[in-house]
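>>> Provided below are the primary sequence and the corresponding predicted coordinates.
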Amino acid sequence: APQLLSSSALAFRHCCKVSEMEALSEIEQSLPQLLDLSNQTLSAEGLAQSLQAQPGTTVLSLEGCEGVDANTLAVVESSMGKQLTKLSVARCGDIDPQSLTSLLSSGFPILQTLDIRGCSQLTSSSLAMAVVHRQMKGFSQLQFVTV
């Protein structure tokens with residue numbers, strides 16, 4: 001089941017000018033919204049449904065998911081590519097370099113972090129090409145997590 005980022009406690013001691021509801025609303029709006037679908041078997045259709053159910057997602061984890069390939073990444077890009085800041089596809093072995101390079105070059109304009117740990121098919125040269133294309137389009141700089 002999808003999990004949202006949460007906090008165990010918030011304290012508003014000595015905050016006499018801020019109502020609790022006002023503060024909570026502002027905090028909630030500023031937190032990244034995490035959708036964690038790690039370690040599942042995904043189809044493009046199933047993923048599309050999960051993404052539609054969480055429209056404000058800015059951080060998506062597909063770590064260790066079976067079935068993550070060019071089609072499922074295209075679904076992610078079309079559903080929320082314009083809002084994602086972090087994406088994990090760690091240990092997703094079906095991602096080919098050409099598809100990922102193409103998607104990173106044309107989509108995910110504000111993506112800042114891409115976790116590709118354990119994605120053995122991806123090469124430094126294919127990732128470098130994606131970075132160059134992103135820079136040419138004025139997209140945000142991308143940091144790769146590889147270890």
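Looks like it arrived, so ask away.
>>> Identify the bridge partners of the closest residue to residue 113 other than its chain neighbours.
In this structure, residue 113 finds its nearest non-sequential neighbour in residue 86, 4.4 Å apart by CB to CB, 6 or more residues apart in numbering. Backbone N, C-alpha and C define where each C-beta goes, glycine included. When assigned by DSSP bridges, residue 86 has beta-bridge partners residue 59, residue 113.
>>> Contact partners for residue 127?
Under the criterion of CB atoms under 8 Å, 6 or more residues apart in numbering, the contact list for residue 127 reads 97, 101, 116, 144.
>>> With secondary structure added, can I get those residues in TSV?
As requested, those are arranged in TSV below (DSSP: H, G, I helix; E, B strand; the rest coil):
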residue	secondary structure
97	helix
101	helix
116	coil
144	strand
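>>> Specify which member of these is nearest to residue 133.
Of all the contacts of residue 127, the one with the least separation from residue 133 (CB to CB) is residue 101, at 7.7 Å.
>>> contacting residues around that closest one?
Remark: with contacts taken as CB under 8 Å, 6+ apart, residue 101 is in contact with 126-127, 129-130, 133.
>>> All set now, cheers.
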